[in-house]
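*Asks:* Below are the sequence and a predicted model for it; my questions follow.
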Amino acid sequence: MPILVSFFYNFIEKMLGKILFGKKLLPLFSTARELVKNLKVCFLSLSFAVLGQLRGAAIFLVWRAITLAFSLLGDFFYLSIDKKIL
């Protein structure tokens with residue numbers, strides 16, 4: 001895929017940029033290339049942030065399951081003892 005994108009940019013810069021428009025649009029295509037690179041970086045950072053949040057949510061859910069298990073165990077012991085009023 002990166003080879004195809006590179007070929008696409010080179011084609012536009014060399015063929016269309018020089019033949020039709022001269023060198024006036026070359027900075028525009030260069031900024032388009034930088035924009036695509038920045039979008040890739042933004043997508044990667046966003047995906048890392050989402051994965052980090054999902055990992056934090058998973059840790060929280062595991063912690064809640066552990067506390068729930070200990071609470072149920074405590075309830076079982078509490079209900080199993082004799083409760084006589086002195």
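*Replies:* Looks like it came in fine. Residues are numbered from 1 along each chain as shown.

*Asks:* Can you check which helix is longest in the protein?
*Replies:* helix 26-80 (DSSP state H).

*Asks:* avg pLDDT for that helix?
*Replies:* Averaged across helix 26-80, pLDDT comes to 83.

*Asks:* Show me what it packs onto, helices and strands only.
*Replies:* helix 2-11 (3 or more Cβ pairs under 8 Å, 6 or more residues apart in numbering; DSSP states H and E). Any C-beta I mention is one placed from the backbone N, CA and C, and that applies to glycine too.

*Asks:* Burial check on Arg33, number of neighbours?
*Replies:* 15 (other Cβ atoms under 10 Å).

*Asks:* What separation do you get for it and Ser45?
*Replies:* 19 Å (Cβ to Cβ, to the nearest Å).

*Asks:* Tell me, how many residues neighbour Gln53?
*Replies:* As a measure of burial, Gln53 has 10 neighbours, counting by other Cβ under 10 Å.

*Asks:* do you know how far it is from Leu61?
*Replies:* 13 Å.

*Asks:* okay, and the common contacts of these two?
*Replies:* Counting by Cβ atoms under 8 Å, 6 or more residues apart in numbering, no residue touches both Gln53 and Leu61.

*Asks:* where's Lys84, which helix or strand?
*Replies:* Assessed by DSSP states H and E, Lys84 sits outside every helix and strand.

*Asks:* how many neighbours does it have?
*Replies:* The local packing of Lys84 (other Cβ under 10 Å) involves 5 other residues.
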